[in-house]
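Novice: for reference, the sequence and a predicted model appear below.
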Protein chains: 2
Amino acid sequence: MTGHPRPMPEFPDDSVGLVTPQTAHFDDPLTLACGMTLPAYDLTYETYGTLNAERNNAVLICHALSGHHHAAGYHDDERKPGWWDAHIGPGKSIDTNRFFVVSLNNLGGCHGSTGPASINPETGRLWGPEFPMVTVGDWVHSQARLADRLGIERFAAVVGGSLGGMQVLQWTLTYPERIANAVVIAATPKLSAQNIAFNEVARQAIRSDPDYHGGWYAEHGTAPRRGLKLARMVGHITYLSEDAMGSKFGRDLRTNDLNFGYDVEFQVESYLRYQGDTFSSAFDANTYLLMTKALDYFDPAAAHGGDLARALAPAVCPFLVVSFTSDWRFPPSRSRELTDALIHAGKPVSYVNIDSPHGHDAFLLPDPRYQAVFAAFMSRAARDLGLAEETT
Amino acid sequence: MTGHPRPMPEFPDDSVGLVTPQTAHFDDPLTLACGMTLPAYDLTYETYGTLNAERNNAVLICHALSGHHHAAGYHDDERKPGWWDAHIGPGKSIDTNRFFVVSLNNLGGCHGSTGPASINPETGRLWGPEFPMVTVGDWVHSQARLADRLGIERFAAVVGGSLGGMQVLQWTLTYPERIANAVVIAATPKLSAQNIAFNEVARQAIRSDPDYHGGWYAEHGTAPRRGLKLARMVGHITYLSEDAMGSKFGRDLRTNDLNFGYDVEFQVESYLRYQGDTFSSAFDANTYLLMTKALDYFDPAAAHGGDLARALAPAVCPFLVVSFTSDWRFPPSRSRELTDALIHAGKPVSYVNIDSPHGHDAFLLPDPRYQAVFAAFMSRAARDLGLAEETT
């Protein structure tokens, strides 16, 4: 917030207000799990709140499949706040009066960080389908470098939902000394066969679209929008609970009569088509493919013969694990599996299963019990770190 | 089984053996729910067992979304028996020593009965996308005409699973005097918003395939195989339970190492692609679209302000309602909804929820408890009708 004379737009009191993304360039090559090396890369990020003198109040936000760095506050040209604005801001669960929040776009993303739509410096051509597969482990390494750049040796907490929660879990294993608290929301220690199957449908939809051109669609001046739309439609079904869909749309018709045709007939069709269209004109298909593979690959127990408790041995920080009763994408049983393994491994963990009708999407939404539990864990973290009530 | 001198292939003792489809042509126009009239049409069907002198031992089999008339026994050119061979044959649940079984391909189908791939006599062109929308009610009317043709005034039972079960339910309402017993398996009195959403994804996949050509693909010498493959892949996920998929495939890799590419990596991907490819080269896309719409439209309670018990008033026969514990496409709760409404309406109903790990597909598979319940209901039906143990 500078002293610029232009009148400030009015934001809610509990908003971090106007935010401006920044980009950090990295010249040190990054070797990835797939064996390839990224010679250089950019990470786009935002920060909210103020890093204190001790540099111990930083919270890292990890995003999910279609997420990005813009988690809270407002951009100049948008009326909607960031995707996790319900939980980040002054007085919110992640209280920006206490914490300095860092939120980045992951490597391979399509919102500013280096990804398939960036130029490959070795060829001068877009990376496109040649962008290397990135894993949750790769992301965590790149996030640690961003932390180095910002002078953050240890995060007060690393926090994320869904695929973001997997990154949190990986942080506790790869950099246990650099994470003071872990918040793993609506996540799973590994995908099920059904989860992989849904991802595979999404990939086939994109890759079989004639406009995909083997991933070189940008060079053909097009994009596989049909495929990406289908991928998003399938995704949306898995993000909402059956009950949420039922109470939101039921079998309501868009007009009064059946039209006996293929135009939209039921409200739920209209909703899905709209979600698919909007997404497919804004998101990069190659990034979507990469993100689904990162989900499929995540399985920290695999290197330990499937023994998750053994895989969790390196972790040292307290965990908060949160699930939602109606989430059928990563159902409560998956969070309990993680919690049980943490307990078995002798790690400090609090687990809560929030009663919610909103399915997987519940992790994005405000909910009194969810917010209370989340805020209490973060307050305790702040107290343990000796953070003042107000850092500014 | 004629006295033909060619040596008979050997079939299992409990098989109906070699069967030959027949086709019945109808010249009386059939007015459909959508308002259109089919001037003439063919229905392809098979029969197993022998119609008795009293003509009161006939059982009608109604097929599901991708089914057809070949429910039991063997065709000359195929090594696999019909799709419900586990339940139809000498000594099986639908015992062909007692019953005369009629199994047809529904109107709009792609296995011989008049459908989008037939010639429209009024234009001399394939029906293609101009084939009228058919509803469950329309099917039941056409099935009653087939019964007339075969001299069957009243079916000993009408039986079906999934979409087939909806036809059974409709029979009890449209022709209560022509059905002595109803077996409704793995069905629902109406689709949920989530069911419709999955159907809509399938339709969008087919209709957005550039090879769909607005439904005139045959005239372009092509077919929307990519779209149909995706539709089938999504369908398959909903036919299997999460547990069945998990125990069948888990996270097993096809080769020992991750390949960090988009070739098949997990076994479940290979399975889905194979299922999709096989189906998309054998099934007609316009038929698939019609079948999904028939599913969406089915809602007998709609005309009664959503009061299912009131809608069921015309039914008079005993019902057997069967669900499977792990079916999440039409879960047990939907069968209980139907059962409760039948009880509320004062109808005789037996309901059984079979413990099975196989999801929706369980209705196709053999299972001792399922078979025992099914056979007992059919035996009681035979006794009530005074059918001898052996009709031949």
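Specialist: Great, that's in hand.

Novice: please make it C-alpha for all contacts and neighbour counts, starting now.
Specialist: OK.

Novice: you'd agree A:Thr44 is in a strand?
Specialist: Yes: A:Thr44 sits within a strand when classified using DSSP: H, G, I helix; E, B strand; the rest coil.

Novice: what does the stretch 251-392 of chain A have sitting close to chain B?
Specialist: A:251, A:260-261, A:268-269, A:272 (C-alpha under 8 Å from any C-alpha of the partner chain).

Novice: how far does stretch A:171-180 stretch from start to finish?
Specialist: Stretch A:171-180 has its terminal residues 10 Å apart, counting by C-alpha to C-alpha, to the nearest Å.

Novice: quick one: it to chain centroid distance?
Specialist: 18 Å (C-alpha atoms, centre = their mean, to the nearest Å).

Novice: follow-up on the earlier one: next step: the residues of the stretch 251-392 of chain A next to chain B restricted to strands.
Specialist: Assigned to strands by DSSP state E, none of these qualify.

Novice: just the buried members of these?
Specialist: Among those, those classed as buried by 16 or more other C-alpha atoms under 10 Å in any protein chain shown are A:251, A:260, A:268-269, A:272.

Novice: just put those in JSON lines and tack on pLDDT.
Specialist: Shown next, in JSON lines, are these (pLDDT from 0 to 100):
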{"residue": "A:Arg251", "pLDDT": "89"}
{"residue": "A:Phe260", "pLDDT": "90"}
{"residue": "A:Val268", "pLDDT": "94"}
{"residue": "A:Glu269", "pLDDT": "94"}
{"residue": "A:Leu272", "pLDDT": "95"}
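
Novice: among those, which two are most distant?
Specialist: Farthest-apart pair in these is A:Phe260 and A:Leu272; separation 19.2 Å (C-alpha to C-alpha).

Novice: picking that back up, now distance to B:Ala187 too, for the buried ones among the residues of the stretch 251-392 of chain A next to chain B, in CSV please.
Specialist: Shown next, in CSV, are those (distance: C-alpha to C-alpha, whole Å):
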residue, distance to B:Ala187
A:Arg251, 17
A:Phe260, 22
A:Val268, 21
A:Glu269, 22
A:Leu272, 25
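
Novice: what segments of chain A are helices?
Specialist: Listed in chain order, the helices of chain A (DSSP state H) span A:136-149, A:163-174, A:193-207, A:225-239, A:242-249, A:267-280, A:285-297, A:308-311, A:332-344, A:368-384.

Novice: relative to its centroid, which residue of chain A is most remote?
Specialist: What lies farthest from the middle of chain A is A:Asp257; by C-alpha atoms, centre = their mean that is 40.8 Å.

Novice: look up phi and psi at it.
Specialist: Backbone torsions for A:Asp257, taken as degrees, to the nearest 10, come to phi -120, psi 160.

Novice: next up, the contacts around A:Tyr217.
Specialist: Residues near A:Tyr217 by C-alpha atoms under 8 Å, 6 or more residues apart in numbering or on different chains: A:211, A:223-224.

Novice: mind listing which of those are in strands?
Specialist: Going by DSSP E, the strands hold none of the contacts of A:Tyr217.

Novice: closest one of those residues to chain B?
Specialist: A:Asp211 (9.9 Å; C-alpha to the nearest C-alpha).

Novice: and that closest one, what does it touch?
Specialist: A:217, A:222-225.

Novice: rerun at 6 Å
Specialist: Contacts for A:Asp211 (C-alpha atoms under 6 Å, 6 or more residues apart in numbering or on different chains) come out as A:223-224.

Novice: would you mind listing what in the stretch 101-250 of chain A touches chain B?
Specialist: A:193-194, A:242, A:245-246, A:250 (C-alpha under 6 Å from any C-alpha of the partner chain).

Novice: chain B versus the closest residue to A:His87 other than its chain neighbours, what's the distance?
Specialist: Distances taken as C-alpha to C-alpha, 6 or more residues apart in numbering or on different chains place A:Ser93 nearest to A:His87, at 5.2 Å, with adjacent residues excluded. Note on A:Ser93: its distance to chain B, by C-alpha to the nearest C-alpha, to the nearest Å, is 32 Å.

Novice: my guess is A:Ser93 contacts A:Asp85, does it?
Specialist: No: applying C-alpha atoms under 6 Å as the test, A:Ser93 and A:Asp85 come out as separate, 10.2 Å apart.

Novice: ok, so of the contacts of A:Tyr217, who is nearest A:Val322?
Specialist: The closest of these, once distances to A:Val322 are taken by C-alpha to C-alpha, is A:Pro224, at 35.4 Å.

Novice: looks like that closest one contacts A:Pro210 (just checking).
Specialist: No: in this structure, A:Pro224 is not within contact of A:Pro210 by C-alpha under 6 Å, at 7.2 Å.

Novice: give me the more crowded residue out of these two.
Specialist: Comparing A:Pro224 with A:Pro210 by other C-alpha atoms under 10 Å in any protein chain shown, the one with more neighbours is A:Pro224, at 24 against 17.

Novice: and the more buried one, what does it touch?
Specialist: Counting by C-alpha under 6 Å, 6+ apart, A:Pro224 makes contact with A:209, A:211-212.

Novice: mind redoing it with 7 Å?
Specialist: Applying C-alpha atoms under 7 Å, 6 or more residues apart in numbering or on different chains, we find A:Pro224 in contact with A:206, A:209, A:211-212, A:285.

Novice: equivalent analysis for A:Ile237, please.
Specialist: Per C-alpha under 7 Å, 6+ apart, neighbours of A:Ile237: B:Gln194.

Novice: could you check how far A:Thr31 is from chain B?
Specialist: Distance of A:Thr31 to chain B, computed by C-alpha to the nearest C-alpha: 14 Å.

Novice: one step back: ok, of the helices of chain A, where does mean pLDDT dip lowest?
Specialist: Ranked by mean pLDDT, the helices of chain A end with helix A:242-249 at the bottom, a mean of 91.

Novice: which other helices and strands contact it?
Specialist: helix B:193-207 (3 or more C-alpha pairs under 7 Å, 6 or more residues apart in numbering or on different chains; DSSP states H and E).

Novice: related to what we said a few turns ago, format the contacts of A:Tyr217 as JSON lines; extra columns: pLDDT.
Specialist: Output for those, formatted as JSON lines (pLDDT from 0 to 100):
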{"residue": "A:Asp211", "pLDDT": "97"}
{"residue": "A:Ala223", "pLDDT": "97"}
{"residue": "A:Pro224", "pLDDT": "98"}
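
Novice: reformat the residues you listed as TSV; add distance to A:Asp384.
Specialist: Conversion of the contacts of A:Tyr217 to TSV gives the following (distance: C-alpha to C-alpha, whole Å):
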residue	distance to A:Asp384
A:Asp211	54
A:Ala223	50
A:Pro224	49
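
Novice: for those, which one is nearest A:Ala303?
Specialist: Nearest to A:Ala303 among the contacts of A:Tyr217, counting by C-alpha to C-alpha, is A:Pro224 at 35.9 Å.

Novice: pLDDT value on A:Met1, please?
Specialist: pLDDT for A:Met1: 43.

Novice: burial check on the spatially closest residue to A:Asp299 that is not a sequence neighbour, number of neighbours?
Specialist: Distances taken as C-alpha to C-alpha, 6+ apart place A:Lys190 nearest to A:Asp299, at 4.8 Å, with adjacent residues excluded. Neighbour count for A:Lys190, taken as other C-alpha under 10 Å: 22.

Novice: what's the closest non-adjacent residue to A:Gly159?
Specialist: One thing to correct before we go on: residue A:159 is Val, not Gly. A:Val183 (4.7 Å).

Novice: any idea how far the residue lying closest to A:Leu308 once chain neighbours are set aside is from chain B?
Specialist: Spatially, and ignoring its direct neighbours in sequence, A:Leu308 is nearest to A:Ala301 (4.6 Å; C-alpha to C-alpha, 6+ apart). According to C-alpha to the nearest C-alpha, A:Ala301 stands 12 Å off from chain B.

Novice: next: A:Ile61.
Specialist: For A:Ile61 relative to chain B (C-alpha to the nearest C-alpha), the value is 26 Å.

Novice: right, I'll leave it there.
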